[in-house]
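Chemist: Fold the following.
(chains A and B)
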There are 2 protein chains.
Amino acid sequence: MSEVKLFGTWFSPFVRRVEMALKLKGVEYEYIEEDLRNKSPLLLQHNPIHKKVPVLVHNGKPIAESSVILEYIDEVWKGPSILPNDPFDRAMARFWVKFIDDKCGPAAWRVCWSAGEEREKAKEEAIEGLKFLEEEIEGKKFFGGDSIGVVDIVANFFAHWFLILQELAGLEILSEEKFPNLWKWVNEYCNDNFLKENLPDKDKLTASFKRAFATGSLY
Amino acid sequence: MSEVKLFGTWFSPFVRRVEMALKLKGVEYEYIEEDLRNKSPLLLQHNPIHKKVPVLVHNGKPIAESSVILEYIDEVWKGPSILPNDPFDRAMARFWVKFIDDKCGPAAWRVCWSAGEEREKAKEEAIEGLKFLEEEIEGKKFFGGDSIGVVDIVANFFAHWFLILQELAGLEILSEEKFPNLWKWVNEYCNDNFLKENLPDKDKLTASFKRAFATGSLY
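Modeler: Residues are numbered from 1 along each chain as shown, chains lettered A, B, ... in the order given. Predicted coordinates for the structure are as follows:
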């Protein structure tokens, strides 16, 4: 019988991506909560290079990096497709995943945790990135079309974490006025029964971020 | 009939990745050399987000980002597989591609173009990254096994560009003594008829890098 374990931590959007994909496919799995201040020997053994969550262990074989895990889940398990079927559409989906992971996501994260000139630079980058996402989502319910796909899964940070963070940081980058299409997408996201169940509790996340703003450490 | 165009520039390892993949598959294509000091309107139209080469245009549809293009080529055209067939092996290949693109490659690039503390930091990162690659290639002819695969294609920078760069920068990071397995791989790479034909001319590249070291600009 197939044995699936997921090493994660509750507040990580990267871990939630993997959980969403597993749940979409109806895969049963054991979830192992890691304490990132005191990582387990098993986590370090499974991901010696990055030493990070998420790690998916399938029949004893560990896979790291959420975007890599999402492709693996889509290839191994039947159920709703996570990536589109058409090769060009798959390429576009992979392009946006990479864009969010390499550019837009890190900039949006940095803008909330920096100050002064660094914040201004990150803000510019984040806004530029969001403008591209705003164009891409125009006229669509989800990035995946009528149903969610890999880009929606990967963009989860913007539907939940970032909204909490920008408010705590006294910023208003992603708003209905500035990004009406993305805002509509955020609402679809947070009102979708499946999606909203895979977002961490808002109050708990807010409390964690508040503590992190005060102490400088997320853990 | 299928129409394939590749927008590139001769010295880019990212563009060479795509050419290698197209040639491996036996795909006929038109190559358009871009002057990166004066990018063509077509390039900007095809890749408005990153404004970079390579861009592959297949039947009028543009795809950017070399790692995304490699997956597309593997899915669309028959011929030797670029990614492994087994889902777990595919995940491992994607993991290494991401590792080279996100960590090891940028650190190795930075170490050659920086000084002082920044160089020391990049050096440490590059060496750490190369150690993981050294372990991964141990006992194998190529990262792909007996024949080249996506990781070999993506690691092209280390087989050619980086060796030239480190010498010009007066560094000896990748050497036979320090990384014997990787060094063996470099030799396999540079002695393979197919692979070596897809590397830019060493003298021309050396001259370009020398000019770049002197002027601070690659173009």
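Chemist: okay, now the nearest residue to A:His58 once chain neighbours are set aside: neighbour count?
Modeler: Closest residue in space to A:His58, ignoring its immediate chain neighbours: A:Val4 at 5.5 Å, by Cβ to Cβ, 6 or more residues apart in numbering or on different chains. Just so you know, the C-beta spots here come from the backbone N, C-alpha and C atoms, and that holds for glycine as well. The number of residues packed near A:Val4 is 17, by other Cβ atoms under 10 Å in any protein chain shown.
Chemist: any idea how far chain B is from A:Val4?
Modeler: According to Cβ to the nearest Cβ, to the nearest Å, A:Val4 stands 13 Å off from chain B.
Chemist: hang on, isn't that residue packed against A:Glu19?
Modeler: No: the criterion here is Cβ atoms under 8 Å, and A:Val4 misses it with A:Glu19 at 11.3 Å.
Chemist: Enumerate the positions of the lowest-mean-pLDDT helix or strand in chain A that are buried.
Modeler: Least confident helix or strand, chain A: helix A:193-197 with a mean of 90, by mean pLDDT, DSSP states H and E. Using 16 or more other Cβ atoms under 10 Å in any protein chain shown as the test for burial, helix A:193-197 gives A:Leu195.
Chemist: Just list what the longest helix along chain A packs against, helices and strands only.
Modeler: Criterion DSSP state H: the longest helix present in chain A is helix A:116-137. Judged by 3 or more Cβ pairs under 8 Å, 6 or more residues apart in numbering or on different chains; DSSP states H and E, the packing partners of helix A:116-137 are helix A:87-99, helix A:105-113, helix A:180-191.
Chemist: does A:Ile63 have beta-bridge partners, and which?
Modeler: For A:Ile63, the beta-bridge partners are A:Leu56 (DSSP bridges).
Chemist: okay, now A:Asn181: neighbour count?
Modeler: Close neighbours of A:Asn181, defined as other Cβ under 10 Å, add up to 15.
Chemist: measure it to chain B for me?
Modeler: Per Cβ to the nearest Cβ, A:Asn181 is found 17 Å from chain B.
Chemist: What score does the closest residue to A:Tyr189 other than its chain neighbours have for pLDDT?
Modeler: Leaving out its chain neighbours, the residue that sits closest to A:Tyr189 by Cβ to Cβ, 6+ apart is A:Ala159, at 4.0 Å. Per-residue pLDDT puts A:Ala159 at 97.
Chemist: If we go by neighbour counts, what in stretch A:163-171 is buried?
Modeler: In stretch A:163-171, counting by 16+ other Cβ under 10 Å, buried: A:Leu163, A:Ile164, A:Leu165, A:Gln166, A:Ala169, A:Leu171.
Chemist: could you list every residue that touches the last one?
Modeler: Right, A:Leu171. A:Val111, A:Cys112, A:Lys123 (Cβ atoms under 8 Å, 6 or more residues apart in numbering or on different chains).
Chemist: so can I have JSON lines of the helices and strands packed on helix A:116-137 showing mean pLDDT?
Modeler: JSON lines is the format used below for these (pLDDT from 0 to 100):
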{"stretch": "helix A:87-99", "mean pLDDT": "98"}
{"stretch": "helix A:105-113", "mean pLDDT": "96"}
{"stretch": "helix A:180-191", "mean pLDDT": "96"}
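Chemist: Can you work out which other helices and strands pack against the least confident helix or strand of chain A?
Modeler: So helix A:193-197, by 3+ Cβ pairs under 8 Å, 6+ apart, packs with helix A:13-25, helix A:180-191.
Chemist: A:Tyr31: which element?
Modeler: strand A:30-33 (DSSP states H and E).
Chemist: The contacts of A:Leu171, buried ones only, as a PyMOL selection?
Modeler: Selection of the buried residues among the contacts of A:Leu171 in PyMOL, burial being defined by 16+ other Cβ under 10 Å:
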select buried, chain A and resi 111+112+123
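Chemist: Make CSV out of the contacts of A:Leu171 and add distance to A:Phe99.
Modeler: Output for the contacts of A:Leu171, formatted as CSV (distance: Cβ to Cβ, whole Å):
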residue, distance to A:Phe99
A:Val111, 17
A:Cys112, 19
A:Lys123, 18
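Chemist: Show the contacting residues for the nearest residue to A:Glu135 once chain neighbours are set aside.
Modeler: Among residues not flanking A:Glu135 along the chain, A:Asn181 sits closest, at 7.9 Å (Cβ to Cβ, 6+ apart). A:Asn181 is in contact with A:Glu134, A:Glu135, A:Ile137, A:Glu138, A:Gly139, counting by Cβ under 8 Å, 6+ apart.
Chemist: All good on my end, thank you.
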